[in-house]
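Enquirer: model this:
(one chain, ligands or ions: 1)
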Amino acid sequence: MSQLQFEKVAFIGLGLIGSSLARVIQAHALAKEVVASTRSEKTLSDAKALGLISQGYTNPIDAVQGADLVVLALPVRATQKVLETIKPYLTANCIITDVGSTKGNVVEAAKAVYGEALPAGFVPGHPIAGAEHTGVHAGKVDLFANHKVILTPLPTSSTWAVERLIQLWQAADAEVICMDVAKHDEVLAHTSHLPHLMAFNLVEQLANREDNLDIFRYAAGGFRDFSRIAASDPQMWHDIFFANKTAILKAVDGFEQQLAVIRKLIEDEDSQQLMGLLGHAQAARQHFNHMLAKKPLLENTQVTQQFTIQPGAKNFQGKFTVPGDKSVSHRSIMFGAIAEGTTHVTGFLEGEDALATLQAFRDMGVSIEGPKNGEVTIHGVGMHGLTAPKSALYMGNSGTSMRLLSGMLSAQAFDSVMTGDASLSKRPMERIAKPLRLMGAQIQSTGERGTPPISISGAQALKGIHYDLPMASAQVKSGILLAGLWAEGETSVTEPEPTRDHTERMLRAFGYEVKTEGNRISLQGGGKLVGTNIQVPSDISSAAFFMVGAAITENADVTLEAVGINPTRTGIIEILKQMGADITVQNERIAGGEPIADIRIQGTRTLKGIHIPEDQVPLAIDEFPALFIAAACAEGQTILTGAAELRVKESDRIQVMADGLTTMGIDCTPTEDGIIIQGKGQSGEWGAIFTGGEIESHHDHRIAMSFAMAGLRTSGEIKIVGTETVATSFPSFTQLANTAGLAIQVTE
Ligand code: S3P
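Expert: Numbering: from 1, shown residues only. The predicted structure follows:
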């Protein structure tokens, strides 16, 4: 702290904010001397009694002499007068700052006193913390903790002054942000001044009614919440409204326009548009929460979540319906949004990844109802109806959203930016950006190594290309085909191996012609999609954990109902069968253009290791973490080759699984494009295989769920750290797994 220590700090004004900062300075011994000047003698004597200052003055001149930090903690309108008064008494290197809610007028006041040559130590500031209460007694040492403090350094401000103020506010546990004065005033006009104005005005509106007593008496939570800030100091807000007049009037104009919109929707009884507006606002509010908290999208998930699994699971049984397919859910929103007419979706996966896609289209002006119990209604805007998002689209953990949207956004008339969470921010995006550039797109992966954020300049005329995919990736294939919808002429893609074909199937379901000839898929640009009904099957990738769980547990008997068995996704069934698992696929039928079936797995036969056929790799690409658990329980060696793609999933799934398996006592060797696992199982034996231990999931949902299944054959406790991303694809995982017979404990 000694570095930060000030010789003498002088507060001019000692209300809530000033006295709270004085408390911080005293608590951390940041100054040799703290003094204040206020008009009220009582405030000064109270402040002395509270131990906040050693000397108090009614004349600011007395306070500032010899001070190396002067804090103007008084009403903004008093700034000019005080500066005029104290100017001759300030030392050359004195830092002068303030705490007012508006900054443009503080700078104007300083210029009125100093002219353009403002002192180098002058750095206006604004702690965004406060309460309806005022005065020296209301101050709190932790008032600024975890709050933001905005500093608005001027061209004349010196770096040392800015740095010392940053340190001062950091000592108060505040998060310091620097921005320019005009930006500050515009932002605050919208986020603070307009809401206060509305609160005062609403209370005034109701107070003026004849029945006001009844209204206040019976007013429920809504009124109470909305009007809380109308209890703030009228003088202060009077001053702020004038001080930031220009920016506030602009914000009021915006409010009036928006009010007129919602008024008209109600007047016209335009249910669809009103639902769209309310749904968008609700989702945006939730989204802001998460962005601010830097948390995943679902309200109830936290970044510190972990699973603990005790040994001793006896059985694994039951009939389950796992949630909707992630790949199909994403596409249902994307295609419904650009279709003409309405699309109804059932079985939609309400996991964070698909919700990120849904939010992105809301942000681009699409009216979407739901999701509610898996039902979503999308009011399509047609091929040219998307509108520019107001800010960056946040794709969370979802590679599918980012890569498919790269294709769609490259063809739009507007610019866009996409960001993601820590895991997505490490994933390769050049694989999709490159072919899109060949089509004429202006797309950059602006991260360090061809990684997100993605930045796209709109209004480019795309032309169809033929592209030989260098890797088996349905996301890249889909991104290119989607850009092709808007491109001139034919767009075609050749895949090295067949990958999931949900894009092709669903485009056809929306009435768009897509040709599949061998491994070549093509479409003509310039057509249109027509809204339809989409029934999302249960996700075989989620079912896979239960399939493996049952296959490694003696006497297990699990049936997974209505699971999608699209032939581009059934590698897990084939591979487990080859390992000797007892699997039956029953009741095959078609739902919403996709084949589905009930899958029954019984723990009747122990597994044996195999060399996994390379042609099965793309068909089981998301299921390998779970299959590695099965391989560890099998007798003999399992060898995987041709699966380098696993290294660029939500985590490096080869390395992360190898690390976890090693921790749990399994002998395995990761290779460049696969892994060799020495199975510890023995024919006919169902005893413990894993030793237990602590596993790091690296923000990868499938790693977390796979190691949870290892709990069925463990001798020691398994702790899996960082399991919150399970909510991206399978929010009900622990509930279903525990019903089946596992004992997963979730701790936040
Ligand atoms: C997906 C494709 C696959 C898969 C991912 C979903 C899709 O990714 O791993 O979970 O919906 O198209 P790649 O295209 O990178 O193989």
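Enquirer: now do the contacts for the one residue in the stretch 251-400 of the chain that gets nearest to the ligand.
Expert: As assessed by C-beta to the nearest ligand atom, the ligand sits closest to S327 within the stretch 251-400 of the chain, at 3.2 Å. Backbone N, C-alpha and C define where each C-beta goes, glycine included. Counting by C-beta atoms under 8 Å, 6 or more residues apart in numbering, S327 makes contact with T400, A474, R500, H502.
Enquirer: what about 10 Å?
Expert: S327 makes contact with 349, 353-354, 400, 404, 474-475, 478, 500, 502-503, 506, 536, 539-541, 564, 566, 568-569, 622, according to C-beta atoms under 10 Å, 6 or more residues apart in numbering.
Enquirer: so what pLDDT did it get?
Expert: pLDDT recorded at S327 is 97.
Enquirer: surely it is within a helix?
Expert: Yes: counting by DSSP: H, G, I helix; E, B strand; the rest coil, S327 is found in a helix.
Enquirer: sketch out the strands for the stretch 401-550 of the chain, chain order is fine.
Expert: Counting by DSSP state E, counting those that start in this stretch, the segments of the stretch 401-550 of the chain that form strands are 416-419, 442-445, 454-457, 466-468, 490-494, 515-517, 520-524, 533-535.
Enquirer: bridging residues for T671?
Expert: Note on T671: beta-bridge partners by DSSP bridges are G674.
Enquirer: still on that earlier bit, could you dump the strands of the stretch 401-550 of the chain to JSON lines with mean pLDDT, mean neighbour count and distance to the ligand?
Expert: Formatted as JSON lines, these follow (pLDDT from 0 to 100; neighbours: other C-beta atoms under 10 Å; distance: least, C-beta to the nearest ligand atom, whole Å):
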{"stretch": "strand 416-419", "mean pLDDT": "91", "mean neighbour count": "22", "distance to the ligand": "16"}
{"stretch": "strand 442-445", "mean pLDDT": "92", "mean neighbour count": "20", "distance to the ligand": "15"}
{"stretch": "strand 454-457", "mean pLDDT": "92", "mean neighbour count": "20", "distance to the ligand": "15"}
{"stretch": "strand 466-468", "mean pLDDT": "98", "mean neighbour count": "16", "distance to the ligand": "14"}
{"stretch": "strand 490-494", "mean pLDDT": "98", "mean neighbour count": "20", "distance to the ligand": "12"}
{"stretch": "strand 515-517", "mean pLDDT": "97", "mean neighbour count": "11", "distance to the ligand": "16"}
{"stretch": "strand 520-524", "mean pLDDT": "98", "mean neighbour count": "20", "distance to the ligand": "13"}
{"stretch": "strand 533-535", "mean pLDDT": "95", "mean neighbour count": "20", "distance to the ligand": "15"}
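Enquirer: for those, give me CSV that also has distance to V76.
Expert: As requested, the strands of the stretch 401-550 of the chain are arranged in CSV below (distance: least, C-beta to C-beta, whole Å):
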stretch, distance to V76
strand 416-419, 35
strand 442-445, 42
strand 454-457, 38
strand 466-468, 60
strand 490-494, 59
strand 515-517, 67
strand 520-524, 61
strand 533-535, 56
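Enquirer: where in the stretch 301-450 of the chain is pLDDT low?
Expert: 301-303 (pLDDT under 70).
Enquirer: burial count for the residue nearest to A145 when sequence neighbours are not counted?
Expert: The shortest distance from A145 to any non-neighbouring residue, by C-beta to C-beta, 6 or more residues apart in numbering, is to D173 (3.8 Å). Using other C-beta atoms under 10 Å, D173 has 14 other residues around it.
Enquirer: contact partners for D173?
Expert: D173 makes contact with V24, V141, D142, L143, F144, A145, N146, H147, according to C-beta under 10 Å, 6+ apart.
Enquirer: what residues does the stretch 501-650 of the chain put near the ligand?
Expert: Taking C-beta under 6 Å from any ligand atom as the contact definition, the stretch 501-650 of the chain meets the ligand at I621, D622, E645.
Enquirer: tell me the one among these nearest to G312.
Expert: Minimum distance to G312 across these is 29.4 Å, recorded for D622 (C-beta to C-beta).
Enquirer: doesn't A643 make contact with that closest one?
Expert: No: checked against C-beta atoms under 10 Å, the pair D622 and A643 is beyond contact range at 11.4 Å.
Enquirer: flag every buried residue along the helix or strand hosting L661.
Expert: Using DSSP states H and E, L661 sits in helix 653-663. Within helix 653-663, the residues scored as buried using 16 or more other C-beta atoms under 10 Å are R653, I654, V656, M657, A658, D659, G660, L661, T663.
Enquirer: redo the residues you listed as TSV? Include distance to G711 and pLDDT.
Expert: Shown next, in TSV, are those (distance: C-beta to C-beta, whole Å; pLDDT from 0 to 100):
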residue	distance to G711	pLDDT
R653	19	97
I654	22	98
V656	18	97
M657	16	98
A658	19	98
D659	18	97
G660	13	98
L661	14	98
T663	14	97
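Enquirer: can I get the residues you listed in TSV with distance to T191?
Expert: Shown next, in TSV, are the buried residues of helix 653-663 (distance: C-beta to C-beta, whole Å):
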residue	distance to T191
R653	41
I654	46
V656	40
M657	45
A658	48
D659	44
G660	44
L661	49
T663	47
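Enquirer: can I get those residues in TSV with distance to the ligand?
Expert: Below are the buried residues of helix 653-663 laid out as TSV (distance: C-beta to the nearest ligand atom, whole Å):
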residue	distance to the ligand
R653	10
I654	14
V656	15
M657	15
A658	19
D659	20
G660	19
L661	21
T663	25
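Enquirer: neighbours of L278, how many?
Expert: L278 - counted by other C-beta under 10 Å - has 14 other residues nearby.
Enquirer: contacting residues around it?
Expert: I262, L265, S367, E369.
Enquirer: can you point out the helix or strand that includes V34?
Expert: Here V34, judged by DSSP H and E, is contained in strand 31-37.
Enquirer: tell me what whichever helix or strand comes after that strand is packed against?
Expert: Proceeding N to C from strand 31-37, the next assigned helix or strand is helix 41-49, under DSSP H and E. Contacts defined by 3 or more C-beta pairs under 10 Å, 6 or more residues apart in numbering; DSSP states H and E place helix 41-49 against helix 16-27, strand 31-37, strand 55-57.
Enquirer: just put these in CSV and tack on mean pLDDT and mean neighbour count.
Expert: What follows is these, written out as CSV (pLDDT from 0 to 100; neighbours: other C-beta atoms under 10 Å):
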stretch, mean pLDDT, mean neighbour count
helix 16-27, 95, 24
strand 31-37, 97, 22
strand 55-57, 96, 19
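Enquirer: out of those, nearest to G396?
Expert: Taking C-beta to C-beta, helix 16-27 is the member of those nearest to G396, at 36.3 Å.
Enquirer: grab the nearest non-local neighbour of C633.
Expert: Computed as C-beta to C-beta, 6+ apart, the closest residue to C633 that is not its neighbour in sequence is I552, at 4.3 Å.
Enquirer: tell me which helix or strand in the chain has the weakest average pLDDT.
Expert: The helix or strand of the chain with the lowest confidence, counting by mean pLDDT, DSSP states H and E, is helix 212-218 at a mean of 68.
Enquirer: which ones are touching the residue nearest to L640 when sequence neighbours are not counted?
Expert: Leaving aside its sequence neighbours, L640 sits nearest to G674 (C-beta to C-beta, 6+ apart; 3.7 Å). Applying C-beta under 10 Å, 6+ apart to G674 gives the contacts 611-612, 614, 617, 624, 638-644, 646-647, 654.
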